[in-house]
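> fold the following and give me the result.
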Amino acid sequence: MAKIGTYISESVDELVNKVSWPTWSELQSSSVVVMIASVIFALIIFVMDRSFMRLMELVYDLF
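Next up is the predicted model:
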């Protein structure tokens with residue numbers, strides 16, 4: 001049981017004193033980058049899906 005208490009106190013100490021937390025403005029700019037990248041990836045996947053769908057429609061129309 002003492003090991004668990006030591007683990008918790010060392011974890012809290014590390015989170016409070018040793019971890020460098022980003023500022024609010026850094027979090028906001030990182031979030032914007034993630035959102036833009038997500039939209040770009042979604043658009044790329046959408047275009048690939050539509051292109052493949054059109055290609056398959058052409059193939060199916062041949063038969």
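
> and stretch 19-28, how far from the chain's centre?
Stretch 19-28 sits 17 Å away from the centroid of its parent chain (Cα atoms, centre = their mean, to the nearest Å).

> quick one: contacts of the strand or helix carrying Glu10?
Here Glu10, judged by DSSP states H and E, is contained in helix 2-13. Residues outside helix 2-13 that contact it (Cβ atoms under 8 Å, 6 or more residues apart in numbering): none are found. From N, CA and C alone the C-beta is placed, and that goes for glycine too.

> now whatever helix or strand comes next after that helix: how far from the chain's centre is it?
Using DSSP H and E, the helix or strand that follows helix 2-13 in sequence is helix 24-62. Here the centre of helix 24-62 is set off from its chain's centre by 14 Å, with Cα atoms, centre = their mean.

> what of stretch 15-32?
Distance, centroid of stretch 15-32 to centroid of chain: 16 Å (Cα atoms, centre = their mean).

> one more: stretch 13-23?
Centroid separation for stretch 13-23 versus its chain: 22 Å, with Cα atoms, centre = their mean.

> next, the buried residues of it.
By neighbour count on 16 or more other Cβ atoms under 10 Å, the buried set for stretch 13-23 is empty.

> let's see that stretch as PDB, backbone CA atoms only.
Extracted in PDB, the C-alpha atoms of stretch 13-23 (Å, rounded to 0.1, in the frame of the first residue of the first chain):
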ATOM      1  CA  ASP A  13       5.200  16.100  -8.100                       C
ATOM      2  CA  GLU A  14       6.200  15.400 -11.600                       C
ATOM      3  CA  LEU A  15       3.000  16.900 -13.100                       C
ATOM      4  CA  VAL A  16       3.300  20.000 -11.000                       C
ATOM      5  CA  ASN A  17       7.100  20.700 -11.000                       C
ATOM      6  CA  LYS A  18       8.600  18.900 -14.000                       C
ATOM      7  CA  VAL A  19       6.100  19.100 -16.900                       C
ATOM      8  CA  SER A  20       6.000  22.200 -19.000                       C
ATOM      9  CA  TRP A  21       2.400  23.000 -19.800                       C
ATOM     10  CA  PRO A  22       1.600  25.000 -23.000                       C
ATOM     11  CA  THR A  23       0.100  28.400 -22.700                       C
END
